[in-house]
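> attaching a predicted model along with its sequence, questions to come.
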Number of protein chains: 2
Amino acid sequence: MSEADDGGIAPARAVRMKDIAEHLGLSQTTVSHVLTGKHRKFRISPATVERVWRLAEKLGYRANVMARAFRERRSYAVCLAVEDLQNPFWAGIAIGAEREAEEHGYALVVTDLGGSAERQRRALQLVRDQRVDGLIVSPVRGGDSDLATAHRHGLPLVQVDRAVARLPVACVRTDHEAGSVLALRHLLERGRRDVVYVGGPLDIPNYRQRLAGVRKELRRHGLKPADELVLDDSSPAEAEREVARVLRRMRRPFALFTANYALTVGTLRAIRAAGRVVPDDVELVGFDDIPMADLLLYPVTTVAQDVSSIGREAVRLLLDVIRNGKRSAQHVLLPPRLVPR
Amino acid sequence: MSEADDGGIAPARAVRMKDIAEHLGLSQTTVSHVLTGKHRKFRISPATVERVWRLAEKLGYRANVMARAFRERRSYAVCLAVEDLQNPFWAGIAIGAEREAEEHGYALVVTDLGGSAERQRRALQLVRDQRVDGLIVSPVRGGDSDLATAHRHGLPLVQVDRAVARLPVACVRTDHEAGSVLALRHLLERGRRDVVYVGGPLDIPNYRQRLAGVRKELRRHGLKPADELVLDDSSPAEAEREVARVLRRMRRPFALFTANYALTVGTLRAIRAAGRVVPDDVELVGFDDIPMADLLLYPVTTVAQDVSSIGREAVRLLLDVIRNGKRSAQHVLLPPRLVPR
DNA sequence: ATGAAAGCGCTAACAA
DNA sequence: TTGTTAGCGCTTTCAT
C-alpha cells in the first residue's frame, strides 16, 4: 500500500551506501570511509577503494544531505540577512556571497530584514534551530542585544557593512572614512570649498566614520564643512526636505556630499525641485554607486563599494568561524573606488 | 572526554522530546503527538496536553529541524533561481517569495543563475539532493531539457516570468500581452502613430507575447509598427547600437516601445547620444519599472509588473505541489500596471 | 584492512 | 488514551 505506488516512471529509490556495500560484499562502514575520502586514514586497500568509487559512479550515488546534516549537526547552509534586497548594494553583496558559498558546497539562505529587529531575531532563530550553520548580518537598529546574546551562545556570526559597538564579531565593510576622503579630495580638486555633508544618525558608526572622513580631508586644507545635515531616519523623503532648506539658504555655488544611496536619491529630488544647475551651481558626490548613473538628470560622482568582495569575504570569514571555530573579531576593511562623472 | 567540555558558558544541550517525556513520565511518542499538534487525532487527554505544553515552554523546547527533515524527507526550504538579482525586477520577486515562504515556515534559498544552464543544473541538483523541497525557476536558455527531465522525475517545480514551451509546469508571470496593450494605448492616446518596437529573440515566449500585444493594439487602430527590432542577446549595448540606427533613419517624431529593462537602458543611451528631444521628438515607453525614473534625463513611461505578488504566488503554487502533489500546469497571469511619466 | 554496532532526534505503524 | 518498537542514512567508536 504505502510502498511502490509509483506512477510507473517514478524515480528509482535513491542509492544508499548500504546498497553499494551489499553489491560489493563490503560493510557500509567501509563504503562510508571511501566515499567520504577517509580511505587513507583507514588504510582501505586501493583495490577496494577503486571498486567502491566505480560502483558509486555507476549507480549515481549521491550522499543524502539531510541524513548527513542530521548526523553531523550541520546543515551546510548559511544565512545572509540584508537590510534591503532591492538596494543594488545589497543585491550585489548577495550575489558575491552566494558564489562564494556555492564554491564551498554551502547553500545560501537570503533574508531581507527591512530594518526589523523582529525579522533579525527570526534570522538568529534559523541558526539556533540549526537550519543554517551561521549568519551574516547587517545589524538592524534595536537588535544589538539580540546579536550579543547570540554571540555569547556561540552562534557563528559575521557582520557586514555595519557593526555593533563593542561586539567582538568580525565585520566586513568598506573603509567608510577612506571613501569620504576620496570624495572630498575629488571636490577639492575641482575647486569646491563649501561642502555640505548629508548623513544619517551618528549613533550609527557608518555615519560617524563617513562624517569623520569628510572633516578630516577638509581639515587638511584648513576647511570645515559648510554644513552638516544629520538626519534621523535617513530616508529619501527626509533628505529631500532637509536639502531643500539648504538649497534655499545657500546662494553661492557649493557641493553636496551624501552618505548613502537613499540620501543621494532624496538630494537629487531636492535639486531638481529647486531647479538648480548641476554642476556649476551645486555639485554632488554620493556614497554608493548608482546603476544607470549616466542616464540621470545630473552627473553624480559616486564612491563605489566593492560589493561582490564584501559578500565573498563575509562568507569566507563565516566558514572559518564555523569550521575552525575561529572567533576573530577583526574588521575587514575593503577599499572604496571613486567613479567620477 | 567527549562530553561536557563546555567552556563554562556553553549553551545547555538542546532539549529533546525525550527529555520532556522523562520529566513527565510519559513516552516520547505522546510528547511528539502533542508537540506536533496531533493530540486531537490521538485523543491525548487535555491534562497531558497541557502538561507537555507547559514543560516544553518552560524548557524552551525547539524541534530539531534537521532530525525532522531527515525523517520526513523534507527540508522545509525551497529554492528561487533568478536570472539576475541585481535587476530590481528579480530582487522584488525574491523579497515577495521570501515573505511568503517565511509565513509558511519555509526558508528560501536564493540563487542567481546569470543565464547559465550549468548553474540551473546545480539548482536542480539542490532539489534532487533534497536540500530543498522544490524549485522556483526562471528558465535559462539551453536548459529546457534539464527542466523537462527534472519534471519527469517528479521534482516539484514552478516557473516564473518565462516558461519552457510545452512543459506542463505552472508559471507565474505578468500578462505580457496586456502590458504591451497598456503601453500602446497610452501612446495612441497621446497621438503617436509611428511606434518602433524593440525586443528580444522570438524563440522566447515573453518577447513573442509582448510583440503580439503591440501588433494587436495597433491593428485595432488600423496601424502597424513602424519597425520591429528583434535583437539577439537583448543587452543594453545591442539595444543602444540598433536604436541608434533607427534614430538616424527616423526623422519624424515617433515612439519607441522597449520590451524590458535592459533594452530600455540601452535605448535611453542611444537617445542621449543622438541628442533627440524627449518626448516631442521621440517618446519612450518601456516594460519593467525603473527605480528613480523621475530622476532620469528623460521621462519614461513604464509598464510595471507586480513583482512582489509574482514571488508570493510562485511560492504558494510550489508549496501546493509539494504538499498536495498538485501538478497543475496552469499559468497564472498577473495584470501589469501603467506608470505614466 | 574491514566490520559490527550504536546512535543522532524524530515520526508512525502497531499494540495494549 | 498511551506506550513499544522500528527505522530514516549516515558517521564513528571500537573490535577483529
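Here it is on my side, so go on.

> what residues does chain A put near DNA strand C?
Residues of chain A lying close to DNA strand C (Cβ under 7 Å from any atom of the strand) are A:2, A:21, A:25-30, A:33, A:42-45, A:47-48, A:70-71. All C-beta atoms are positioned from the backbone trio N, CA, C, and that covers glycine.

> show me where the stretch 201-341 of chain A has helices.
A:205-219, A:236-249, A:261-274, A:307-324 (DSSP state H, counting those that start in this stretch).

> for the longest one, give me every contacting residue.
Helix A:307-324 is contacted by residues A:74, A:78, A:80, A:88-89, A:92-101, A:104, A:106, A:108, A:133-136, A:156-158, A:160-161, A:170, A:172-174, A:326-328, A:332, A:334 when judged by Cβ atoms under 8 Å, 6 or more residues apart in numbering or on different chains.

> so among the residues of chain A next to DNA strand C, which ones count as buried?
By neighbour count, with 16 or more other Cβ atoms under 10 Å in any protein chain shown, the residues of chain A next to DNA strand C hold A:Ala21, A:Leu26, A:Thr30, A:His33, A:Ile44, A:Thr48, A:Phe70 as buried.

> which members of the residues you listed are positioned in helices?
Among these, the residues falling in helices (DSSP state H) are A:Ala21, A:Thr30, A:His33, A:Thr48, A:Phe70.

> which pair in the residues you listed spans the largest distance?
A:Thr48 and A:Phe70 (27.3 Å; Cβ to Cβ).

> the closest residue to DNA strand C within the stretch 101-250 of chain A: what's it in contact with?
Using Cβ to the nearest atom of the strand, the single residue of the stretch 101-250 of chain A nearest to DNA strand C is A:Gln130, 9.4 Å away. Applying Cβ under 8 Å, 6+ apart to A:Gln130 gives the contacts A:Arg73, A:Arg74, A:Ser75, B:Asn64, B:Val65, B:Met66.

> where does pLDDT dip in chain A?
A:1-12 (pLDDT under 70).

> of the contacts of A:Gln130, buried ones?
A:Arg74, A:Ser75, B:Asn64, B:Val65, B:Met66.

> now those in TSV, with distance to A:Phe257 and secondary structure?
TSV is the format used below for the buried ones among the contacts of A:Gln130 (distance: Cβ to Cβ, whole Å; DSSP: H, G, I helix; E, B strand; the rest coil):
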residue	distance to A:Phe257	secondary structure
A:Arg74	45	coil
A:Ser75	43	coil
B:Asn64	51	coil
B:Val65	47	helix
B:Met66	49	helix
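
> any idea which of the residues you listed is closest to DNA strand C?
Closest to DNA strand C out of the buried ones among the contacts of A:Gln130 is B:Asn64 (3.4 Å), distances taken as Cβ to the nearest atom of the strand.

> so the closest one touches B:Ala14, yeah?
Yes: counting by Cβ atoms under 8 Å, B:Asn64 touches B:Ala14, with 6.8 Å between them.

> and stretch A:215-232, what's buried?
A:Arg215, A:Glu217, A:Leu218, A:Leu223, A:Pro225, A:Ala226, A:Asp227, A:Leu229, A:Leu231.

> what's the answer for stretch A:185-194, then?
Within stretch A:185-194, the residues that qualify as buried are A:His186, A:Leu187, A:Leu188, A:Arg192, A:Asp194, counting by 16+ other Cβ under 10 Å.

> give me the subset of those residues lying in strands.
For the buried residues of stretch A:185-194, not one is inside strands, with DSSP state E as the criterion.

> all helices for the stretch 1-150 of chain A, in order.
A:17-24, A:28-35, A:46-59, A:65-72, A:88-103, A:117-128, A:144-152.

> residues contacting the fourth one, please?
Defining contact as Cβ under 8 Å, 6+ apart, one finds that helix A:65-72 is touched by A:Arg74, A:Ser75, A:Tyr76, B:Met66, B:Ala67, B:Ala69, B:Phe70, B:Arg73, B:Ser75, B:Asp129, B:Gln130, B:Arg131.

> likewise the third one?
Under the criterion Cβ under 8 Å, 6+ apart, residues A:Val15, A:Asp19, A:Ile20, A:His23, A:Leu24, A:Leu26, A:Thr30, A:Val31, A:Val34, A:Leu35, A:His39, A:Tyr61 lie in contact with helix A:46-59.

> same list (those) but as TSV, adding distance to chain B.
Converted to TSV, those look like this (distance: Cβ to the nearest Cβ, whole Å):
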residue	distance to chain B
A:Val15	12
A:Asp19	17
A:Ile20	17
A:His23	21
A:Leu24	23
A:Leu26	24
A:Thr30	23
A:Val31	18
A:Val34	20
A:Leu35	15
A:His39	23
A:Tyr61	12
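
> please check these and keep the buried ones.
Neighbour-count burial (16+ other Cβ under 10 Å) applied to these gives A:Val15, A:Asp19, A:Ile20, A:Leu24, A:Leu26, A:Thr30, A:Val31, A:Val34, A:Leu35, A:His39, A:Tyr61.

> ok, the first one - contacts?
Contact criterion Cβ under 8 Å, 6+ apart gives A:Ala56, A:Leu59, A:Gly60, A:Tyr61, A:Arg62 as the residues in contact with A:Val15.

> any chance of those in a markdown table, plus distance to A:Arg210?
Output for these, formatted as a markdown table (distance: Cβ to Cβ, whole Å):
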| residue | distance to A:Arg210 |
| --- | --- |
| A:Ala56 | 55 |
| A:Leu59 | 58 |
| A:Gly60 | 54 |
| A:Tyr61 | 53 |
| A:Arg62 | 48 |
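
> are any of those buried, and if so which?
Buried subset of these (neighbour count, 16+ other Cβ under 10 Å): A:Ala56, A:Tyr61.

> out of the contacts of A:Val15, which is nearest to B:Asp203?
Nearest to B:Asp203, judged by Cβ to Cβ, of those is A:Gly60 at 32.1 Å.

> which residue, other than its chain neighbours, is closest to the closest one?
A:Val15 (6.4 Å; Cβ to Cβ, 6 or more residues apart in numbering or on different chains).

> mind checking how far the one you found is from DNA strand D?
8 Å (Cβ to the nearest atom of the strand, to the nearest Å).

> what's the neighbour count on the spatially closest residue to A:Ala259 that is not a sequence neighbour?
Of all residues not flanking A:Ala259 in the chain, A:Gly199 sits nearest, at 3.8 Å (Cβ to Cβ, 6+ apart). Neighbours of A:Gly199 under the rule other Cβ atoms under 10 Å in any protein chain shown: 25.

> same deal with the one 5 residues further on?
As a burial measure, the neighbour count of A:Ile204 was computed by other Cβ under 10 Å and equals 17.

> quick one: contacts for it?
So A:Ile204 contacts A:Arg141, A:Arg162 (Cβ under 8 Å, 6+ apart).

> distance of it relative to DNA strand D?
42 Å.

> same question, A:Asp288
Taking Cβ to the nearest atom of the strand as the measure, A:Asp288 falls 43 Å from DNA strand D.

> quick one: that residue and A:Val265 touch, right?
No: judged on Cβ under 8 Å, A:Asp288 makes no contact with A:Val265 at a distance of 10.0 Å.

> A:Val109 and A:Leu80 touch, don't they?
Yes: between A:Val109 and A:Leu80 there is a contact at 7.2 Å, judged by Cβ under 8 Å.

> neighbour count winner among the two?
A:Leu80 (30 against 26).

> show me the contacts for that one.
Counting by Cβ under 8 Å, 6+ apart, A:Leu80 makes contact with A:Ile93, A:Ala94, A:Ala97, A:Leu108, A:Val109, A:Val110, A:Thr111, A:Leu135, A:Ile136, A:Val137, A:Gly311, A:Ala314.
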